[in-house]
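Asks: Provide a 3D model corresponding to the input given below.
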Amino acid sequence: MEATEAAVYRKLASRQKDKTNRDILERIAKDEKRHESIIAERTGRDVRPFALIVFWQIMLARFFGVTFTVKMMENGEKRMASEYRELGLDEIAEEEEAHEAELIELLEEEGLKYLGSIILGLSDALVELTGALAGLTFAFQSLNLVALAGLVTGIAASFSMAASEYLATKEEADGRSPIKAAGFTGIAYISTVFLLVMPYLMLQDTDPFRYGFAPHEQALGLTLAIGLAIVAAFNGYVAVARDQSFGRRFAEMAGILVVVSAISFAIGIALRGWLGVEV
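Replies: Coordinates of the predicted model:
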């Protein structure tokens, strides 16, 4: 494990353009290499890094950022601290629990600076569009109309949210770029929009009442499932990157998503009957 993580940190350091981050990762790599040497001396065995894990961690860093990958690795090592102590390797245990954690906290990554903007775009799109789709589904009961209305609403809202985030960030003057903040918010919003509308586009040729549900009901069910999957994936990332509770955040966002969808569902049925819409 120590040999593998030393190799991962070296590769991560070599890919860093930011000197501060590169120095931090190189220091952690040296610590891991020293831990490996201590254990090798105790056991009389030399080992090689596990190439597949090194490759996997580098891929994770490319897609989810360096901070996410480093914290995920260190969370695994914290669980090993008690075993190190049982072996009399107190120095390694203490460093894994404290020293490296302090270094990781110094890591500065642009994606995490704009995490608030991403959360804003993603959560807004989830709550607003899922609610809108639920209402439209039972108002129109037509996949084409719901997909059209959902896309128009979602795309327009993504530009509106991006513009609002641009103005808010400009007023806050907290060192973040208003343009980048707006970009992260808009991209998160519109990506979520397309994922949520996708079932309405994919089920166009579905046989009526297949599986016991009408096509528009199947599409709404898939949209809700996709929404919950997005909530789970995103909160899993945040839980690791920011050391926050996954269960509490997931329950909160999932609860809001379900409640808003249920209310919108009822409103859609009520408005359909009140306005006499027949499609």
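Asks: ok, now which ones touch the spatially most central residue of the chain?
Replies: With distances taken as C-alpha atoms, centre = their mean, residue 234 lies nearest the centre of the chain, 2.7 Å away. Contacts of residue 234 were listed using C-beta atoms under 8 Å, 6 or more residues apart in numbering, and they are 119, 122. Where you see a C-beta, it was placed from the backbone N, CA and C, and this is true even at glycine.
Asks: Quick one: mean pLDDT over the host helix or strand of it.
Replies: Using DSSP states H and E, the element containing residue 234 is helix 215-241. The average of the pLDDT scores along helix 215-241 is 79.
Asks: Can you give the distance of whatever helix or strand comes next after it from its chain's centre?
Replies: Downstream of helix 215-241, the next assigned helix or strand under DSSP H and E is helix 246-275. Centroid separation for helix 246-275 versus its chain: 22 Å, with C-alpha atoms, centre = their mean, to the nearest Å.
Asks: Just want the angle from helix 246-275 to helix 215-241.
Replies: On the basis of axes from the mean of the first three to the mean of the last three C-alpha atoms, to 10 degrees, helix 246-275 is oriented at 150 degrees to helix 215-241.
Asks: any idea how far the residue located most distally from the centre of the chain lies from residue 1?
Replies: Going by C-alpha atoms, centre = their mean, the residue of the chain most distant from its centre is residue 44, 42.2 Å out. Relative to residue 1, residue 44 is positioned 18 Å away (C-beta to C-beta, to the nearest Å).
Asks: Likewise for residue 247?
Replies: According to C-beta to C-beta, residue 247 stands 27 Å off from residue 1.
Asks: Give me the more crowded residue out of these two.
Replies: Set residue 247 next to residue 1 and count neighbours by other C-beta atoms under 10 Å: residue 1 wins out with 17 against 9.
Asks: Residue 12 versus the more buried one, what's the distance?
Replies: From residue 1 to residue 12 the distance is 16 Å (C-beta to C-beta).
Asks: what's around the residue nearest to residue 64 when sequence neighbours are not counted, how many residues?
Replies: Of all residues not flanking residue 64 in the chain, residue 237 sits nearest, at 6.3 Å (C-beta to C-beta, 6 or more residues apart in numbering). The tally of other residues near residue 237 (other C-beta under 10 Å) stands at 17.
Asks: Same check on residue 181?
Replies: A count of nearby residues for residue 181, using other C-beta under 10 Å, gives 25.
Asks: Could you report the distance from it to residue 6?
Replies: Distance from residue 181 to residue 6, by C-beta to C-beta: 36 Å.
Asks: which strands and helices sit next to the strand or helix carrying residue 41?
Replies: Secondary structure assignment for residue 41, by DSSP H and E: helix 19-43. Secondary-structure packing of helix 19-43 (3 or more C-beta pairs under 8 Å, 6 or more residues apart in numbering; DSSP states H and E): helix 2-14, helix 66-78, helix 90-94, helix 100-105.
Asks: Outline the domain layout of this protein.
Replies: Here the domain parsing of the chain from automatic domain parsing is 2-108, 111-275.
Asks: now the helix or strand that residue 126 is a member of against helix 246-275, angle please.
Replies: Assigned by DSSP H and E, residue 126 belongs to helix 115-140. If you take the same axes, to 10 degrees, helix 115-140 sits at 30 degrees to helix 246-275.
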